[in-house]
Structures are given as C-alpha cells and as structure tokens.
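1. What follows is a protein structure lacking sequence information:
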C-alpha cells in the first residue's frame, strides 16, 4: 500500500488532481481511497488531499498521517505548512519548483526527490499557474505507481473537453518528461 | 453487467437515485450534501434522469413538495444534512405517519452549536424516534446499492414507510473510490413495475380526505389513534424481514451481498466485541485484524439497519462475548454516552447473562477515527473483560 498526500492552494485543483489520480489507478487495476482534507477552503489557502492505493481492497476511510509519497503542486506552500510532516524513512518527495534538488532544504530521511518546473510549463500551456495535472505527470515519473497512459484515460473521463482536454493531456506528458528524479540514498553513498 | 466508475459518496448516492428512476426530486443544498443534489441536477440536464427537479427555497418545502408528489403516486427522492434536516423536521415527522414510501439520503453531519460543517451522526441520531427506517452505509458502493434497496423496502405493501439512507459526511460524501455502476435493466427488474397505488392517493376520480383529525379522549378517538400507531410499529417490524429479502435479492442480481441488518466480523470465536456503525467500520476491521495478530480474540458487530433496531440479532451476535465496546459518532446527552450504546444496552437485556459494556465517542464534527483510536478502544474493552470497572464515556478524540 502507498499513502499519498497532495499539497496545494485552494483553486489550484489539488482535490481534482487526487480524483483524477484515483481514476487512473483504478484504470490500472488498483484499489483506491481518496479523501480531501477539509476546512473552510478558499482560494489561495493551503489545502491537502489524501490518497491510498493498494492491490488489496482498502477498508479504512481515514485521513493519512504517514504518507510515503508527498506531492507539492504549489512552490510557495512549503513556506506555509510542514509538507514533510509524518513522512516515514525512505519517502518520495515531488515538488513543483524551478530550483534544482541541490538547492532545496530537505530532511535527511527521504529516499527520493523529484522536481518539476510546473509553473513555467503551466504558463506555456494554460497561460495560468494551474499545475495540478502537470504534477500528476511528475508523480508518475517519480514513483512509477501510475502510467501516463492511465492518467490520460482518466482525464478523458473528466469534464475536460476539446482544448481543455488536449491541454491537460499535454500537461501530464510534459510533467512526466520534464521531471528530474534524484535518488538521495545513492547520492549520499557516492 | 456493470461498468466501473470512480466517484465520491455523494455521486454514488446520486447514481443510486438516478438508477431508481424517481418521478420527482426536490432539493435544497447544504454542506456536505450539496454536491449530491448538484449531481442530480446534472444528470437531469444531461438526460440521464427523467425526474422533475423542484429547486425550492428551503428544506421544509423540499419535504412538503415531495409529500404532494408522493400522495399523487410519485416515487420521490431528496437528500439533506444537519441544519437542513432540522428545518425539515415538521414535515419529516408527518412522513412516516402518512406511510409515505419516500427515500431521503442523510449525509450525516454534526449539529451546531458550536458551529461546524463537518461529518458526525448527531443529525440522524437525533431523529431516530420519528418513525423513518434508518440504514447506515460503510462504503461508496454500499451507498449506491442501498438506495434501490431502500425503495424496494419503502414501497413494500407490508412496510410503506420512508427510508433514510445515511452516509458519513466528509469521509464518505467526498471520499473517492472504485464503484460498480449496475446496468439500468438490473435495477429496473429488481424494483419491478412501480405500484403507485399507495394506501392514500390523491385522485380527482376518487376524492378522499387524507390525515383526518384523530385522537382525543372520547368516542373512537383513542382507539383509532392507537390503530394508526400500531400500524406504524407493525410496518417497522415487518421491515426487518423485508430488508433482509431485498438485500438478498439485490445480491443475487449484482453479486454484492451486503449485510442487511448487522454484519458480524470475526465474531465466531470472539471474546470481546466492538459495535460500530457507518464508515468507521473499515478502520475498526483493520484494528481487529492487528489485535488478532497479537492473539487477542476481538470481533465486530456492525449495525447497518438502525431503525428498526434489530434487537434479537444484536443480542444473539453479542451473547457469547465477555465485554463490549460501542463506538458512536454522536452524543446521547441524556445518558452521558453514545446513542448506539444505549440501544445496545437495551438489546443486551434480552440475554440471561449480564455482559459489561462501555461507550466510546469519536469522530465528532469531522474528527477522524483512526486504526489507532480503535486499537485503544480494543485495549480498554479487553481490560473491561478482565474485570476493570467501566467508565462513561471514553472520548476518543479528546487528546488529538
């Protein structure tokens, strides 16, 4: 079982991203339980969404406290909340940023970090800072838990149509292609 | 034959309603139900659903409009939560007494004050004595499946009572999972030809007075009123069997056999038992499996049908354990416990032995009941079995 936590800001589509990811994982034969954390959500406030995936049926309908995968779709939210909270040893951290991994202040117990300049890609595709589907591509590259093909199929089942659908498919593909993944364990050993 | 969709509990409920082909739905949005009625509006706009949708100005009107429709022989549906249910209360009380076979989803939410908009079962538990049938769902799939089952039960001539199909606000209403969507033909053949000849039906060709003044202390008043009330109670008791038959029939057609009244989980050799209700049960099952790995013989009795309360079934299921922990997602202010706890105590009275029981309250106002919370409830219930005195109640989220 993997436990994923997505961080974003209200209005960026973190919750929608988790629903698309859930649909893609079911497409791949996995079981999922995706639960948006809740509060008085409003545009710009930090938001969190949780997703569990497993080859077995998932019974617990609870929030996630120890995610082994954390995806941050907004570069600024790391200044507002502790995005590493509860992560166990050997977790994977996926961040929307224009920085290189060596420029990041990371906790020592991560196994893997992935970076994607999602805001730049979003401005090129959408002319707006909508990074959610780009970061699903980044997640696919960083973890391998879901394929780009399954994400595309899931996108086709959303309310995205025509240009919106084409843009989001491009977003997933570019997110995947333009994400660099660093194995921290190996780097330290070297 | 069915197709797989990935959706949250509110969408699953909307699909359950859509597949049951109601003639009329009346809606007013309230958190955490809002997206459910938005899905209904979307399905109707897209032509997936042919019901008339009445977008009214408040919940009192929701149910009043549906009363009219129901008395004219229509199949009706709505959904509400918390303060919406409170505002609906006057016609809500009238619905079972008029024996209207209506289905309304309660997307359960804690009750204000203090102000909160998140899940909890205080709303549904507060109306447990009004005479509606109450069924609580554990998963998104069970929500979808239970709505057609609820119509089958409600419209059964031996029952003729309204049904609330309840699902936990937030965790189930917004939680997304894989759901199998049965083919329309499966649901059509399950529900059969709709018999709109309710006991009371507004028909210009056959004028009749509905809801006559009854009761008082003289003449035929008292005995007539008793006859009405006894009839309601009889419908409720008949529902126990009809609910089982309807679940079995649904299982035959879809392959999904939900426990109709209660579900017993690892109870065959259990020495202590938890009693659960609703979506908390999944985490409880995981906690029981972990406790079993440590050699502790724990089981679960999950309540699906809360009204009518399956007294004999619950007493029998719990008859062999040495201690019981009842986990509630609501407060029973009069008993300083959870409401399900009080109900279970009543059922246990039917047993020749006295089994110690304790009340645990968690998950209020959106709080989470985790596997760790259940592990603590199991620990405490084990100590109760070992002779430690019961305390009332344990608030699971008190130190979160």
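-> Right, received. Where do you want to start? Computed from a prediction, not measured in an experiment: that's the story for all the values here.
2. drop to CA atoms for contacts and neighbour counts, all remaining ones
-> Will do.
3. Centre-most residue in chain A?
-> residue A:71 (3.8 Å; CA atoms, centre = their mean).
4. Let me see the contact set for that one.
-> A:4, A:5, A:6, A:7, A:93, A:94, A:95, A:135, A:139 (CA atoms under 8 Å, 6 or more residues apart in numbering or on different chains).
5. quick one, phi/psi of the last one?
-> Main-chain dihedrals, residue A:139, degrees, to the nearest 10: phi -60, psi -40.
6. Just the buried residues of stretch B:143-154, please?
-> Buried residues in stretch B:143-154, counted by 16 or more other CA atoms under 10 Å in any protein chain shown: B:143, B:144, B:145, B:146, B:147, B:148, B:149, B:150, B:151, B:152, B:153, B:154.
7. Next up, the contacts around the second one.
-> So that's residue B:144. Counting by CA under 8 Å, 6+ apart, residue B:144 has contacts B:12, B:13, B:14, B:15, B:16, B:17.
8. Output the below-cut-off pLDDT ranges for the chain.
-> Assuming you mean chain A. A:39-41, A:186-190 (pLDDT under 70).
9. not quite, I wanted chain B
-> Scanning chain B with the threshold set as pLDDT under 70 gives B:1, B:196-200.
10. surely residue B:76 meets residue B:24?
-> Yes - counting by CA atoms under 8 Å, residue B:24 is a contact partner of residue B:76 at 5.0 Å.
11. joint contacts of the two?
-> Both residue B:76 and residue B:24 are contacted by B:66, B:69, under the criterion CA under 8 Å, 6+ apart.
12. who's more crowded, these two?
-> Neighbour count, other CA atoms under 10 Å in any protein chain shown: between residue B:76 and residue B:24, residue B:76 has more, with 27 against 19.
13. ok so, going back, can you tell me which of the contacts of residue A:71 is nearest residue B:185?
-> Nearest to residue B:185 among the contacts of residue A:71 is residue A:4, at 37.9 Å by CA to CA.
14. Mind telling me what element the closest one is part of?
-> Using DSSP states H and E, residue A:4 sits in strand A:2-9.
15. List the neighbours of the helix or strand just after that strand that are in contact with it.
-> Using DSSP H and E, the next helix or strand after strand A:2-9 towards the C-terminus is helix A:14-27. For helix A:14-27, the surrounding residues in contact (CA under 8 Å, 6+ apart) are A:6-8, A:31-34, A:36, A:47-51, A:53, A:73, A:132-133, A:136, A:145-146, A:150-155, A:158, B:5-7, B:176-178.
16. now the angle from helix A:14-27 to strand A:2-9?
-> Taking axes from the mean of the first three to the mean of the last three CA atoms, to 10 degrees, one finds that helix A:14-27 is oriented at 150 degrees with respect to strand A:2-9.
17. tell me the domain ranges of chain B?
-> Using automatic domain parsing, the domain parsing of chain B gives B:2-198+B:235-254, B:262-395.
18. Next up, phi/psi of the residue nearest to the centre of chain A, please.
-> Per degrees, to the nearest 10, the backbone of residue A:71 is at phi -120, psi 130.
19. ok, the closest residue to residue B:354 other than its chain neighbours - how many residues close by?
-> Among residues not flanking residue B:354 along the chain, residue B:348 sits closest, at 7.5 Å (CA to CA, 6 or more residues apart in numbering or on different chains). Counted by other CA under 10 Å, the residues lying close to residue B:348 total 21.
20. wait, what's in contact with residue B:348?
-> Residue B:348 is in contact with B:314, B:315, B:318, B:319, B:354, B:355, counting by CA under 8 Å, 6+ apart.
21. Just flag the most distant two among those residues.
-> For the contacts of residue B:348, the farthest-apart pair by CA to CA is B:314 and B:354; their separation is 14.4 Å.
22. Other residues contacting stretch A:135-149?
-> Contacting residues not belonging to stretch A:135-149 are listed as A:17, A:21, A:24-25, A:28, A:71-73, A:92, A:94, A:96, A:112-116, A:118, A:151, A:171-181 [CA under 8 Å, 6+ apart].
23. tell me how far the ends of that stretch are from each other?
-> End-to-end distance of stretch A:135-149 (CA to CA, to the nearest Å): 15 Å.
24. What of stretch B:107-118?
-> Start and end residues of stretch B:107-118 are separated by 10 Å (CA to CA).
25. Check stretch B:79-89 too.
-> Start-to-end span of stretch B:79-89 (CA to CA) is 13 Å.
26. Next SSE downstream of the biggest helix by length in chain A?
-> Assignment by DSSP state H gives helix A:162-177 as the longest helix of chain A. Moving toward the C-terminus from helix A:162-177, the next helix or strand (DSSP H and E) is strand A:179-183.
27. Remind me what that following strand packs against, helices and strands.
-> Contact partners of strand A:179-183 among helices and strands, from 3 or more CA pairs under 8 Å, 6 or more residues apart in numbering or on different chains; DSSP states H and E: strand A:110-116, helix A:132-143.
28. Check which residues of the helix or strand that comes right after the first one are buried.
-> Proceeding N to C from strand A:110-116, the next assigned helix or strand is helix A:118-125, under DSSP H and E. By neighbour count on 16+ other CA under 10 Å, the buried set for helix A:118-125 is A:118, A:119, A:120, A:121, A:122, A:125.
29. which helices and strands does helix A:118-125 pack with?
-> On a contact count with 3+ CA pairs under 8 Å, 6+ apart, helix A:118-125 meets helix A:132-143, helix A:162-177.
30. which residues of the stretch 101-250 of chain B fall in helices?
-> All helices of the stretch 101-250 of chain B, identified by DSSP state H, counting those that start in this stretch, fall at B:122-126, B:140-154, B:184-191, B:221-254.
31. Distance to residue B:170 for these - can I get that in CSV?
-> Shown next, in CSV, are the helices of the stretch 101-250 of chain B (distance: least, CA to CA, whole Å):
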stretch, distance to residue B:170
helix B:122-126, 14
helix B:140-154, 12
helix B:184-191, 27
helix B:221-254, 26
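32. Buried deepest among these, which one?
-> helix B:140-154 (a mean of 26; mean count of other CA atoms under 10 Å in any protein chain shown).
33. and that one with helix B:184-191, angle?
-> Using the same axes, to 10 degrees: helix B:140-154 against helix B:184-191 is 40 degrees.
34. tell me the angle of helix B:140-154 relative to helix B:221-254?
-> Here helix B:140-154 runs at 130 degrees with respect to helix B:221-254, directions being taken by the same axes, to 10 degrees.
35. need the residues of chain B near chain A, please.
-> B:5-7, B:170-172, B:174-178, B:279-286, B:368-371 (CA under 8 Å from any CA of the partner chain).
36. thinking again about what came up before, which of residue B:314 and residue B:354 has more neighbours?
-> residue B:314 (23 against 13).
37. In this structure the more buried one contacts residue B:262, no?
-> Yes - between residue B:314 and residue B:262 there is a contact under CA under 8 Å: 7.3 Å.
38. joint contacts of the two?
-> Residues touching both residue B:314 and residue B:262 by CA under 8 Å, 6+ apart: residue B:301.
39. centroid residue for chain B?
-> Mean-position check on chain B, CA atoms, centre = their mean. Result residue B:135 at 2.4 Å.
40. what's across from that residue in the sheet?
-> Beta-bridge partners recorded for residue B:135 (DSSP bridges): residue B:165, residue B:305.
41. For it, give me its contacts.
-> Residues in contact with residue B:135 (CA under 8 Å, 6+ apart) are B:163, B:164, B:165, B:166, B:304, B:305, B:306, B:307.
42. One more pass at 6 Å, please.
-> Under the criterion of CA atoms under 6 Å, 6 or more residues apart in numbering or on different chains, the neighbours of residue B:135 are B:165, B:166, B:304, B:305, B:306.
43. With neighbour count and distance to residue A:42 added, can I get those in a markdown table?
-> Shown next, in a markdown table, are those (neighbours: other CA atoms under 10 Å in any protein chain shown; distance: CA to CA, whole Å):
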| residue | neighbour count | distance to residue A:42 |
| --- | --- | --- |
| B:165 | 27 | 30 |
| B:166 | 27 | 28 |
| B:304 | 24 | 36 |
| B:305 | 22 | 37 |
| B:306 | 19 | 37 |
